[in-house]
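Undergrad: Here's a sequence, model it:
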Amino acid sequence: MTAQRPWRRMGLKPPAPAALGVLLALALLALAHLPPLPERSPPLPPASAPPEHCQEVAPPLPWGLARGKKSPLPPAQLQWGQPPGRSRRWQRGAAGTAPPWLSDDDLQKMQLLARGQVISKTRVPAHGQVLRVGLRALGDAEGEASPASREEGCQDGRCGLIKRPRDLYEVLAFHLDRVLGLNRSLPAVARRFTSHLLPYSYTNGSPRPVIWWAPDLQHLEDANNDQNSCALGWLQYQEMLQSHGLRPVARDTPCSSILPGEWSRLALFDFLLQVHDRLDRYCCGFQPDPSEPCVEEMLHEKCRNPAELVLVHILVRKSMPSRLVFIDNAGRPQHPEEKLNFRLLQGIDSFPDAAVATLRSGRLQSLLLESLRLDQELWESQGGAEGLRPLLRTIDRRARVLLQYIQEHNLTEFRDSLS
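TA: Next up is the predicted model:
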């Protein structure tokens, strides 16, 4: 006996074709008014962010500043978590996501430093609290890196130096370098690390600066002077500055491959940050406190004999031997204004016009804030604009002092054609 249709069992007549059409139309109408499914899952939080159920103790600010209320990040903030390979249009965005002084290369390296997975670590000789780490960029193939491939990765520019929390000033220095159009510092970001490959002191929640590792920095073979690309004493340096414009630098002169304008960039940059280690590591240009390393290491006593004074961290890249590279830029944010080191400017008779124009514009603080907003970790850990502003005011005051120095000494400006 064949199974009966439902309407026959219940004594009903079969539905007419017109009724079926009406029912089908009603069903399609109901489906059309359902809310659409999301095209993709919501974005994951940054890898460096702690889980919501974990509480972390906020680290102390490294620059001796009072913690201010955190300022919300603007909508135009660069999203580090986005996949790599986006075009300039994405990086800039309709509202100007990244400022024009940061190049595509800068942004790519900053993203690698901020989001790259740590795949290896190496101690840096004579720098006990500095680690060199290999980084795997987003989208790179997974897998365990062999020692050979780790070294090859650094040669390909996929490594960074993790420095001390108190060196966070190097991140601000990088943005100052780009805002002024000097373009001699290596990309740097602030980051909190969670990798199991790193010691606990590197994963305890404190933000640390990560500096891009330039694979082709040129070092002297002398083990006692390997932090230089060329050996240059203070007296030789001054003689080289004085001869500029009068006669060409002889090829056998130390650092003869470095263009004259490079020293002007370096002096301007170091004065604003009060970095003494390059041009005045002996603290000859001011009266140091007894706790200063130059006093503890008895370097200050050598100021009596200028022939013993040498320059340090004078570095170039093998691919660009005519341009300086600025490293170790954690200057002195709290250096008192009455002790500013004018020796850093000695012998310099001109400065790059673009940098000087930026200092004169009165917009240095606002431009730095615009640039620093890209670094979410630094921005939030320092209390946003409110927390960063004391540092920026200090740099701005030094800029006004420098402008006054240029005016009083009738110094000139040169067109800076090198980026």
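Undergrad: looking at this structure, which helix or strand is least sure?
TA: The least trusted helix or strand in the chain, going by mean pLDDT, DSSP states H and E, turns out to be helix 88-92, with a mean of 37.
Undergrad: so for stretch 259-270, what's the average pLDDT?
TA: In this model, stretch 259-270 carries a mean pLDDT of 96.
Undergrad: And the contacts of that stretch?
TA: Stretch 259-270 is contacted from outside by 173, 176-177, 180, 182, 184-185, 237, 241, 244, 249, 275-276, 278-279, 322-324, 326, 329, 331, 344-345, 347-348, 350-352, 355, 402, 414, 416, 418, using C-beta atoms under 8 Å, 6 or more residues apart in numbering. For every residue, glycine as well, the C-beta is placed using N, CA and C.
Undergrad: Would you indicate which residues of it are buried?
TA: 260, 261, 262, 263, 264, 265, 266, 267, 268, 269, 270 (16 or more other C-beta atoms under 10 Å).
Undergrad: Tell me which helix or strand the second one sits in.
TA: So the one you mean is residue 261. According to DSSP states H and E, residue 261 maps onto helix 260-273.
Undergrad: What residues sit buried inside the next helix-or-strand element following that helix?
TA: Following helix 260-273 in sequence order, the next helix or strand is helix 293-296 (DSSP H and E). Judged by neighbour count (16+ other C-beta under 10 Å), helix 293-296 contains these buried residues: 294, 295.
Undergrad: Show me where the stretch 201-350 of the chain dips below the pLDDT cut-off.
TA: For the stretch 201-350 of the chain, the stretches with pLDDT under 70 are 223-224, 244-253.
Undergrad: Which parts of the stretch 251-400 of the chain are strands?
TA: 315-317, 320-325, 350-352 (DSSP state E, counting those that start in this stretch).
Undergrad: what packs against whatever helix or strand residue 111 lives in?
TA: Under the criterion of DSSP H and E, residue 111 resides in helix 104-115. Applying 3 or more C-beta pairs under 8 Å, 6 or more residues apart in numbering; DSSP states H and E, one finds that helix 104-115 contacts helix 88-92, strand 188-191, strand 208-212.
Undergrad: Please work out which residues outside the shortest one touch it.
TA: Residues from elsewhere that reach strand 188-191 (C-beta under 8 Å, 6+ apart): 48, 110, 113-114, 168, 170-171, 173-174, 207-212, 375, 377-378, 381.
Undergrad: May I have the helix holding residue 261 exported as PDB, CA atoms only?
TA: Extracted in PDB, the C-alpha atoms of helix 260-273 (Å, rounded to 0.1, in the frame of the first residue of the first chain):
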ATOM      1  CA  PRO A 260      80.600  67.600   4.300                       C
ATOM      2  CA  GLY A 261      76.900  68.200   4.800                       C
ATOM      3  CA  GLU A 262      76.600  65.000   6.800                       C
ATOM      4  CA  TRP A 263      78.400  66.600   9.700                       C
ATOM      5  CA  SER A 264      75.900  69.500   9.800                       C
ATOM      6  CA  ARG A 265      73.000  67.000   9.900                       C
ATOM      7  CA  LEU A 266      74.700  65.100  12.800                       C
ATOM      8  CA  ALA A 267      75.500  68.300  14.800                       C
ATOM      9  CA  LEU A 268      71.900  69.600  14.500                       C
ATOM     10  CA  PHE A 269      70.400  66.200  15.400                       C
ATOM     11  CA  ASP A 270      72.700  65.600  18.400                       C
ATOM     12  CA  PHE A 271      72.200  69.100  19.800                       C
ATOM     13  CA  LEU A 272      68.400  68.800  19.800                       C
ATOM     14  CA  LEU A 273      68.700  65.400  21.500                       C
END
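Undergrad: and the angle from it to strand 320-325?
TA: Helix 260-273 runs at 10 degrees relative to strand 320-325, counting by axes from the mean of the first three to the mean of the last three C-alpha atoms, to 10 degrees.
Undergrad: quick revisit: could you flag which of the contacts of stretch 259-270 are buried?
TA: 173, 176-177, 180, 182, 184-185, 237, 241, 244, 249, 275-276, 278-279, 323-324, 326, 329, 331, 344-345, 347-348, 350-352, 355, 402, 416, 418.
Undergrad: Can you tell me which of the residues you listed end up in helices?
TA: Members of the buried ones among the contacts of stretch 259-270 lying in helices (criterion: DSSP state H): 173, 176, 177, 237, 241, 355, 402.
Undergrad: Make TSV from those and add distance to residue 133 to it.
TA: Shown next, in TSV, are those (distance: C-beta to C-beta, whole Å):
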residue	distance to residue 133
173	21
176	25
177	23
237	35
241	38
355	32
402	36
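Undergrad: buried set for the longest strand along the chain?
TA: Identified as the longest strand of the chain according to DSSP state E is strand 127-136. Within strand 127-136, the residues that count as buried by 16+ other C-beta under 10 Å are 130, 131, 132, 133, 134, 135, 136.
Undergrad: Tell me the spacing between the closest residue to the third one other than its chain neighbours and residue 262.
TA: Closest residue in space to residue 132, ignoring its immediate chain neighbours: residue 122 at 4.6 Å, by C-beta to C-beta, 6 or more residues apart in numbering. As judged by C-beta to C-beta, to the nearest Å, residue 122 and residue 262 stand 30 Å apart.
Undergrad: How about residue 284?
TA: 22 Å.
Undergrad: What is the burial count for the closest residue to residue 400 other than its chain neighbours?
TA: Nearest residue to residue 400 in three dimensions, chain neighbours excluded: residue 359, at 7.9 Å (C-beta to C-beta, 6+ apart). Per other C-beta atoms under 10 Å, the neighbour tally for residue 359 reads 21.
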